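S.K.: Sequence and predicted model, in that order:
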Amino acid sequence: MSPYVLALLLFTLGLGTTVAFSSSHWLLAWVGLEINTLAILPLMVRNHHPRAVEAATKYFLIQAGGAAVLLFAGVMNAWFTGQWGIQQATSPLFIGIITLALALKLGLAPLHSWMPEVFQGLDLNTGLVLATWQKLAPLVLLLQIQPANSYLLIFLGLASTLVGGWGGLNQTQLRKILAYSSTAQLGWMVLVVQFTPSLVTLAVLVYITAAAAMFVILKLVKSTSVNMLAISWAKSPALGAMAPLVLLSLAGLPPLTGFMPKWLIIEELSKQGLAPAAILAVFTALLSLYYYLRLTYAMTLTMFPNNFSGTTPWRLRSRQMTLPLACLVVGTISLLPFTPAAIALVAF
């Protein structure tokens, strides 16, 4: 792909998200989401692989369906109330329909089944964009509406943490595992989206940092399956040592940074009188922890049988840019002591 075309697509991708961010009108929000969707489709198929074309087609159909339902709910709300404002939607029925449309676009359970198949057909760079940047616009719209029935979001959050942990147990493809991980992480955010928006912002920032670090590590070691992780130590011992810390941070284990949002979300749910939901979310996090530990075991404690000791690619000078990765890894594993400062920053 030409660098000029790539720059134009990336600019359009950012423009669509910005329009959705800044809009207070359902029609403008829909336009921003559509611009965002149309901009990423050429990025998905730039490898000219049949699986990439299949993934782009599935993604287009799902996103078009979610956008159509969203526009339908906005039009019906304007028809009955005369208001197009996002924060002026008052009917519980329309708010519920809009919430389900945004859940479909985010990939929340039980509307998540498209995510693993789409992720499997993409390269790691596009998968990173899909797991992080593409979630921002629907999540901001979800933050702006005032849900009349909080139990819908609680159900979506708990279902996402459960399915995100359960679905990744028997997977061998890393991109599918990362897709289920994204569903589980989004479930934690949705649990408190109606109570503390600043906490959702903090959780999003922590997840983006950890997910970006993991995607970059997998790209550098050229691994797409669990079995291929066994030769990552011979390729780069440094990356083989950092990857388990990033995975355990995604799992939310202390004293890593990923423990910060989960700890605060559990505390907030307890304050809101939703202790059973908090307990269930903690138990579902154990499912995600299992496959994170499985990846850690495959990366650090196993050795590929065809790997011979004379191969030492780690001795060769790497031409990859490792400074961004170093910053991402430091942010992923060492920012837990700065929790009070982080809370104050996002609340400001």
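M.R.: Structure's in. What do you need? Residues are numbered from 1 along each chain as shown.
S.K.: residue contacts, the residue lying closest to residue 294 once chain neighbours are set aside?
M.R.: Nearest non-adjacent residue to residue 294, counting by C-beta to C-beta, 6 or more residues apart in numbering: residue 226, 7.1 Å away. To be clear about C-beta, it is placed using only N, CA and C from the backbone, and glycine gets the same treatment. Applying C-beta atoms under 8 Å, 6 or more residues apart in numbering to residue 226 gives the contacts 172-174, 177, 294-295, 298.
S.K.: hmm, 7 Å instead?
M.R.: 172, 174, 295, 298 (C-beta atoms under 7 Å, 6 or more residues apart in numbering).
S.K.: Which other helices and strands does the helix or strand containing the last one contact?
M.R.: Using DSSP states H and E, the secondary-structure element containing residue 298 is helix 275-300. Under the contact definition 3 or more C-beta pairs under 7 Å, 6 or more residues apart in numbering; DSSP states H and E, helix 275-300 sits against helix 150-166, helix 174-191, helix 237-251, helix 259-271.
S.K.: The longest helix along the chain: which residues count as buried?
M.R.: Taking DSSP state H as the criterion, the chain has its longest helix at helix 50-81. Neighbour-count burial for helix 50-81, with 16 or more other C-beta atoms under 10 Å as criterion, is recorded at 52, 54-56, 58-60, 62-63, 66-67, 69-71, 73-74, 77-78.
S.K.: quick revisit: next, format the contacts of residue 226 as CSV and append pLDDT.
M.R.: Output for the contacts of residue 226, formatted as CSV (pLDDT from 0 to 100):
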residue, pLDDT
172, 88
174, 92
295, 91
298, 87
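S.K.: which intervals of the stretch 201-348 of the chain have sub-threshold pLDDT?
M.R.: Residues of the stretch 201-348 of the chain meeting the criterion pLDDT under 70: 303-321, 348.
S.K.: What is the neighbour count of residue 142?
M.R.: Number of residues near residue 142 (other C-beta atoms under 10 Å) recorded here: 24.
S.K.: shouldn't it be in contact with residue 100?
M.R.: No. Between residue 142 and residue 100 there is no contact under C-beta atoms under 7 Å: 10.9 Å.
S.K.: Tell me which helix or strand the residue lying closest to residue 132 once chain neighbours are set aside sits in.
M.R.: Once flanking residues are discounted, residue 132 sits nearest to residue 208: 4.7 Å by C-beta to C-beta, 6+ apart. Here residue 208, judged by DSSP H and E, is contained in helix 197-221.
S.K.: any idea how far the next helix or strand after that helix is from the chain center?
M.R.: Sequence-wise, the next helix or strand downstream of helix 197-221 (DSSP H and E) is helix 232-235. Put simply, helix 232-235 sits 27 Å off its chain's centre (C-alpha atoms, centre = their mean, to the nearest Å).
S.K.: cool, and stretch 219-226?
M.R.: Distance, centroid of stretch 219-226 to centroid of chain: 19 Å (C-alpha atoms, centre = their mean).
S.K.: domains of the chain?
M.R.: Domain assignment for the chain, taken from automatic domain parsing, gives 1-148, 151-304+321-348.
S.K.: which residues sit in contact with residue 175?
M.R.: Taking C-beta under 7 Å, 6+ apart as the test, what residue 175 contacts is 119-120, 127, 224.
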